[in-house]
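# sequence and predicted model, in that order:
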Amino acid sequence: MQVIVVGAGVVGCAIAYELAARGAAVRVIDPRGSGQGATRASAGMLAPYIEGHSAALLQLGVAGLDQYERFIGRVSADARRSIEYRRTGTLQVARTDEEARALERHGRALADSGVTATMLDQGELSRSEPALTTEARAALLIPPHGYVRVAALMEALVGAGVNRGVQLVVARARRIAHLNGRAAVETAEATLDADAVVLAAGSWSGGIPVDTAPSPPVRPVRGQILQLRLPQPPLSRIVWGSGGYMVPWEDGSVLVGSTAEEVGFDESVTADGVRRLLERAERLVPALGGAVFEGARAGLRPASTDELPIIGPSKGMPGVFYATGHYRNGVLLAPLTASLVADLVLGGGERPELQLVRPDRFGL
């Protein structure tokens, strides 16, 4: 089977790899190459149990996390390169008694559902993570959480895909249409047809017309992140609090995120965004005020109207499938999305998770 995937972010490349691994001939179309949109500004957190996620997003995130270990193993083996992937756990930090009580309730709910979660008091927290601010009253430790280093994941996904025969076409998709009874993608240079087309263009998905179907309701939300470095890693786990998060890498770098800005398709890094993120970081880990500033990145996260992904077949155009709207969870949900889409495209049927993300909830 011939398949075209429109979009070469982490979701599109994961889909392309999964399809190729199952025997499909796959081309990926993207005007900027691989991993140049929201993916490059992702911290790579794998943390579905964080307080505040909706029930539907929690269900999807847990299913995604459950697939990660095997997915990383397969991609790493096919690419013949290692991927920094660690299940460090997360600490969700409370700075007030009210926040601590909310975390206690969340921890009890997780425990009731069978998830390991432990409240740490101020003394336990100080011994566990001495670099944290002394203003931290308590924290909820969730051991199953972790992160993947996104640049390494993307390099491996592209390499594994190429080794499986995936072709990357650097071009801008202008339209998805029918050509001689097959789905096709029009670019400035050519019209490429296939047995199936998967629209996985992130924030740009809504700007690629699909004949006989409405555009997916996806808008861009800019997220900025910082990369700092200390001689030694200041944290042993991901820390979440004060409106942001910090992801410590093995080499001493710390990613600090993230903003969420409704600014259209502006991908700029701003002084205000950097300032706010630095302030958040110093509030939680004062030593980061003396860290080396290694850079900042911005990407446009694709948010659907209900902030859930849009995954499944188009009812308006046979042979077209959607995989977009992942918002801040593209990395976490990439393996799950890839397997769901591959099942659909290759005739493997629908899994229960699809009921949460079907395109027809938006009339697509």
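Perfect, thanks for sending it. Numbers count the residues shown, from 1 in each chain.
# the nearest residue to Thr96 once chain neighbours are set aside: neighbouring residues, count only.
Nearest in space to Thr96, with sequence neighbours left out and distances taken as C-beta to C-beta, 6 or more residues apart in numbering, is Arg137 at 6.6 Å. C-betas here are computed from N, CA, C, even on glycine. When neighbours are defined as other C-beta atoms under 10 Å, Arg137 has 17 of them.
# correct me, but Arg137 touches Asp97?
Yes: here Arg137 lies in contact with Asp97, judged by C-beta atoms under 8 Å, at a distance of 6.5 Å.
# any low-confidence regions in the stretch 101-250 of the chain?
Within the stretch 101-250 of the chain, no stretch has pLDDT under 70.
# where exactly do the helices run in it?
122-128, 150-163 (DSSP state H, counting those that start in this stretch).
# how about the longest one: buried residues?
Residues of helix 150-163 classed as buried by neighbour count (16 or more other C-beta atoms under 10 Å): 150, 152-162.
# make CSV out of the residues you listed and add distance to Asp195.
Below are those laid out as CSV (distance: C-beta to C-beta, whole Å):
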residue, distance to Asp195
Val150, 31
Ala152, 32
Leu153, 28
Met154, 26
Glu155, 29
Ala156, 27
Leu157, 22
Val158, 23
Gly159, 25
Ala160, 22
Gly161, 18
Val162, 21
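# which strands and helices sit next to the helix or strand where Glu99 lies?
Using DSSP states H and E, Glu99 maps to helix 97-112. The contact analysis (3 or more C-beta pairs under 8 Å, 6 or more residues apart in numbering; DSSP states H and E) places helix 97-112 against strand 90-94, strand 118-120, strand 138-142.
# which residues sit against it?
With contact meaning C-beta atoms under 8 Å, 6 or more residues apart in numbering, helix 97-112 is reached by 49, 51, 92, 94, 116-119, 137-140, 142.
# just the buried members of these?
By neighbour count, with 16+ other C-beta under 10 Å, the contacts of helix 97-112 hold 49, 51, 92, 94, 117, 119, 137-140, 142 as buried.
# which of those residues lies closest to Glu350?
Nearest to Glu350 among these, counting by C-beta to C-beta, is Tyr49 at 25.8 Å.
# that closest one and Ala38, how far apart?
Tyr49 sits at a distance of 22 Å from Ala38 (criterion: C-beta to C-beta, to the nearest Å).
# partner residues bridging the residue nearest to Val162 when sequence neighbours are not counted?
The shortest distance from Val162 to any non-neighbouring residue, by C-beta to C-beta, 6+ apart, is to Leu168 (8.0 Å). Under the criterion DSSP bridges, Leu168 forms beta bridges with Val28.
# which ones are touching Leu168?
Taking C-beta under 8 Å, 6+ apart, we find Leu168 in contact with 8, 27-28, 30, 33-34, 158, 162.
# let's see if you can find the most crowded of those residues.
Neighbour-wise, those (other C-beta under 10 Å) top out at Ala8, 31 neighbours.
# mind listing what that one touches?
Residues near Ala8 by C-beta under 8 Å, 6+ apart: 16, 28-30, 32-36, 168.
# contact partners for the closest residue to it other than its chain neighbours?
Distance criterion C-beta to C-beta, 6+ apart; nearest residue to Ala8, sequence neighbours excluded, is Asp30 at 3.6 Å. Applying C-beta under 8 Å, 6+ apart to Asp30 gives the contacts 6-9, 12, 36, 168-171, 201.
# mind checking pLDDT for Asp30?
We have a pLDDT of 97 for Asp30.
# now the contacts of Ala8 as TSV including distance to Ala298?
Shown next, in TSV, are these (distance: C-beta to C-beta, whole Å):
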residue	distance to Ala298
Ala16	25
Val28	23
Ile29	23
Asp30	18
Arg32	14
Gly33	18
Ser34	18
Gly35	14
Gln36	12
Leu168	23
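# quick one: the closest residue to Glu189 other than its chain neighbours from Glu124, how far?
Of all residues beyond its chain neighbours, the one nearest Glu189 is Ala171 (5.9 Å), with distances taken as C-beta to C-beta, 6+ apart. From Ala171 over to Glu124 the distance is 55 Å, taken as C-beta to C-beta.
# looking at the two, which is more packed in?
Each of Ala171 and Glu124 has its neighbours counted (other C-beta under 10 Å); Ala171 has more, 17 against 14.
# phi, psi for that one please.
phi -160, psi 160 (degrees, to the nearest 10).
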